[in-house]
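Asks: have a look at this prediction, sequence included:
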Amino acid sequence: MMTGEVPAAGDAPQPLLVVAGIGAGYGAIEALHGVSLEVYGGEIVALIGANGAGKSSLLMTVCANPPAKRGEIFFAGQAITRLPTHQIARLGIAHVPEGRRVFARMTVAENLAMGRVALSADGSRAAQQEDAAVLQHVYQLFPRLRERALQRAGTLSGGEQQMLAIGRALMARPRLLLLDEPSLGLAPQIMGRIFAALRTIAQAGTTIFLVEQNANQALQLADRAYVLVNGRITLSGSGQALLVSPEIRKAYLGGH
């Protein structure tokens with residue numbers, strides 16, 4: 001269910017992201033088989049599943065890399081299935097890939113600035129003021145980045161690099177943030193800080209679609225979640241409902 005105000009009768013909310021019957025893959029290898037899901041504005045939606053299920057492939061297909069072979073993808077009511085990646089980004093979708101991929105030789109501040117440069121900011125005074133406000137928001141979310149602003153990104157810890165990758169994506173002021181395995185390789189304490197920041201980001205108005213190998217953390221955070229098995233959606237529901245599902249507990253949470 002969408003967070004926020006309940007719409008009046010006859011004024012049903014429209015999904016921000018619609019994935020409809022998507023098939024995609026790499027060459028002859030099919031990774032996704034008719035995947036359909038929806039993400040509403042203001043939600044945190046998680047996608048969980050085993051390694052190799054196609055989770056990362058789905059996020060990348062939303063960004064047209066690889067492009068979908070079948071089906072359609074809509075963002076804010078607009079078909080984006082056949083748009084190039086840079087145009088999709090400019091519509092308000094930011095992707096934080098697995099492995100962070102920060103610019104190692106650039107400083108933290110330079111990496112954050114790249115989040116706007118990639119979208120060709122207009123350079124006006126109003127735009128500069130808005131960029132400054134977003135930067136302050138990023139530094140409030142991740143105070144460590146402010147402390148490391150002049151430090152090269154390649155010298156940061158894994159957790160700091162993940163904070164930087166998320167912060168860089170936020171500099172583009174996205175409506176939808178796609179996150180691929182943000183907790184991968186992180187210590188539990190750092191993981192907790194990242195997930196707390198994600199909750200704050202969503203509360204501030206950015207919708208989040210999250211792929212996460214830590215199913216327990218993802219389901220605790222998510223409003224809703226989907227389960228992907230061998231490139232197909234097999235189950236969906238609220239995060240809390242899936243968290244207590246015997247099937248999910250046995251498969252992903254180590255329960256019985």
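Replies: Yep, that arrived. Residues are numbered from 1 along each chain as shown.
Asks: was I right about I201 contacting L170?
Replies: Yes: using C-beta atoms under 8 Å, I201 is in contact with L170, at 7.0 Å. C-betas here are computed from N, CA, C, even on glycine.
Asks: joint contacts of those two?
Replies: Counting by C-beta atoms under 8 Å, 6 or more residues apart in numbering, the residues touching both I201 and L170 are L141, L177.
Asks: show me the contacts for A109.
Replies: A149, L150.
Asks: helix/strand/coil for it?
Replies: Three-state secondary structure (criterion: DSSP: H, G, I helix; E, B strand; the rest coil) places A109 in helix.
Asks: gap between L16 and I93?
Replies: Distance, L16 to I93, using C-beta to C-beta, to the nearest Å: 10 Å.
Asks: could you name every residue contacting both of those two?
Replies: Common neighbours of L16 and I93 are listed as F75, R175, L176 (criterion: C-beta under 8 Å, 6+ apart).
Asks: show me the shaky parts of this protein.
Replies: In the predicted model, the chain carries pLDDT under 70 at residues 1-11, 117-127, 254-256.
Asks: can you pull the domain assignment for it?
Replies: Residue ranges for each domain of the chain read 14-92+175-256, 105-174, as given by automatic domain parsing.
Asks: how about those, which one is nearest G99?
Replies: When these are compared for distance to G99 using C-beta to C-beta, the nearest one is domain 14-92+175-256, at 7.8 Å.
Asks: how far does that closest one sit from its chain's centre?
Replies: Here domain 14-92+175-256 is found 7 Å from its chain centre; the criterion is C-alpha atoms, centre = their mean, to the nearest Å.
Asks: can you give me the strands in the stretch 51-200 of the chain?
Replies: In the stretch 51-200 of the chain, the segments counted as strands under DSSP state E, counting those that start in this stretch are 70-75, 78-79, 93-96, 176-180.
Asks: got those as CSV, with distance to G115 and mean neighbour count columns?
Replies: CSV is the format used below for the strands of the stretch 51-200 of the chain (distance: least, C-beta to C-beta, whole Å; neighbours: other C-beta atoms under 10 Å):
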stretch, distance to G115, mean neighbour count
strand 70-75, 19, 18
strand 78-79, 23, 10
strand 93-96, 8, 23
strand 176-180, 12, 24
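Asks: ok, L243 touching L219?
Replies: Yes: in this structure, L243 sits in contact with L219. The criterion is C-beta under 8 Å, and the distance is 4.2 Å.
Asks: more neighbours, those two?
Replies: Here L243 and L219 are compared on neighbour count by other C-beta atoms under 10 Å; more neighbours surround L219, at 25 against 19.
Asks: coming back round to it: any chance of the shared contacts of L16 and I93 in CSV, plus distance to G192?
Replies: Listed next are these as CSV, based on distance: C-beta to C-beta, whole Å:
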residue, distance to G192
F75, 31
R175, 26
L176, 24
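Asks: nearest the geometric middle of this protein, what residue?
Replies: The C-alpha lying nearest the average C-alpha coordinate of the chain belongs to L178 (C-alpha atoms, centre = their mean; 2.0 Å).
Asks: ok, F142 - how many residues close by?
Replies: Around F142 sit 23 other residues, with neighbours defined as other C-beta under 10 Å.
Asks: just checking, it touches A197?
Replies: Yes: between F142 and A197 there is a contact at 6.6 Å, judged by C-beta under 8 Å.
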